[in-house]
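1. Sequence and predicted model, in that order:
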Amino acid sequence: MEDYFGSTRFLLIFALIIMVGVITVSMVGMGIQEEVKGMAKPTLLFLMLFTSTGKLFSFVQFIGFFGPLIGIILGFDAISRERSQRTLSKLISQPIYRDSVINGKFLAGVVTISIVLVAIVLIISGLGIRLIGVVPGQEELLRLAVYVIASVLYISFWLGISILFSVVFRSTATSALASLALWIFFSFFVSLGAGVVADAVAPINQGGPSGGINVAMVEKHEMVQRVASYFSPMSLYSDTTTTILDPMRKTTKLVMLMGPLERLSLSRFQSPLPFLQSFFIVIWPMIAIVAITFLCFGICYFAFMRQEIRTI
């Protein structure tokens, strides 16, 4: 943990995330403050600080897209740097178990990620309380806790990926490039590929019996695209966070999402889901995130334990 917190690149990326998060939430908070001026404030208004988009994106979208960089930065040289500096063989020669090295690297990274996310969420919460004048209740705190846990697991997956490449590749630059290439692939190409697969399996340009849109084909198209997009951990994380932070969202299979003002107006006519029901909706994407995180670290652990480390 001292290596992580003392590195310059970590301090820079942490400062950048705090700066972007605070600016985004400030713009969202001031917009909400203007919209609800002179009217009764909804009970779940506080969560809109994290889900509402400002000029560009929301805080949840920002973490979903740039959060993997935290894991990549922490782990891309975890083992390759020790090997290039010839300290790995000296570390192994000490009276410690070999698996303690890889376990310590991963667990220290997870703890560091947890501290960073909790600190950012607390800073944004304090800023949001001052801007909109709404104190979060137990319901909001539980939803934020699930969001933080899901975010830690999601970034930990990328930490395991970067440590795995650090074990497999001896060059630090190759490990970093491989991690970034995989991040770009999951960020852009999986979603594009999901759209291509959906268009090939269930094209929606076919008209129905009356020449209109075939509703059944549209539903099949969306289902195929969603299933194909689940090969990316970003889709699992996005469905988990947007559903748990939006009490008005009854399912993860929405074809069209509403904006913050529409959700605010609709909340007057619909009752939000309780926390437990929202949690049951997102429990299987969270289980999938946990599974791929442990699978990735398991492969990393197996590769490191089987790898030859020369003492010379």
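-> That came in fine, so what should we check first?

2. rest of the way, CA atoms for contacts and neighbours
-> Noted.

3. Nearest to the spatial middle of this protein, which residue is it?
-> Geometric centre of the chain, nearest residue: Gly64, 3.9 Å, by Cα atoms, centre = their mean.

4. Where does pLDDT dip in the stretch 51-200 of the chain?
-> Low-confidence segments of the stretch 51-200 of the chain (pLDDT under 70): 54-55.

5. Would you check that Lys220 makes contact with Ala200?
-> No: in this structure, Lys220 is not within contact of Ala200 by Cα atoms under 8 Å, at 11.4 Å.

6. Those two: which has the busier surroundings?
-> Lys220 (16 against 12; other Cα atoms under 10 Å).

7. which one is the more buried one nearest to, not counting chain neighbours?
-> Ala202 (6.2 Å; Cα to Cα, 6 or more residues apart in numbering).

8. Now do the contacts for that neighbour.
-> Neighbour list for Ala202: 217-218, 220-221, 224 [criterion: Cα atoms under 8 Å, 6 or more residues apart in numbering].

9. And Ser125, how close does it get to Leu159?
-> Separation of Ser125 from Leu159 (Cα to Cα, to the nearest Å): 26 Å.

10. who's more crowded, the two?
-> For Ser125 and Leu159, the more surrounded residue by other Cα under 10 Å is Leu159, and the numbers stand at 30 against 22.

11. Which residue comes closest to that one once chain neighbours are left out?
-> Gly71 (4.0 Å).

12. And Phe157, by the same measure?
-> Using Cα to Cα, 6+ apart, the closest residue to Phe157 is Thr293 (4.4 Å).

13. related to what we said a few turns ago, backbone dihedrals for the residue nearest to Lys220, please?
-> Per-residue torsions, Ala202: phi -140, psi 80 (degrees, to the nearest 10).

14. now the helices: where do they sit in the chain?
-> Applying DSSP state H to the chain gives helices spanning 2-6, 8-35, 48-51, 59-75, 80-84, 88-92, 98-132, 138-168, 172-184, 190-201, 215-229, 233-244, 260-266, 275-306.
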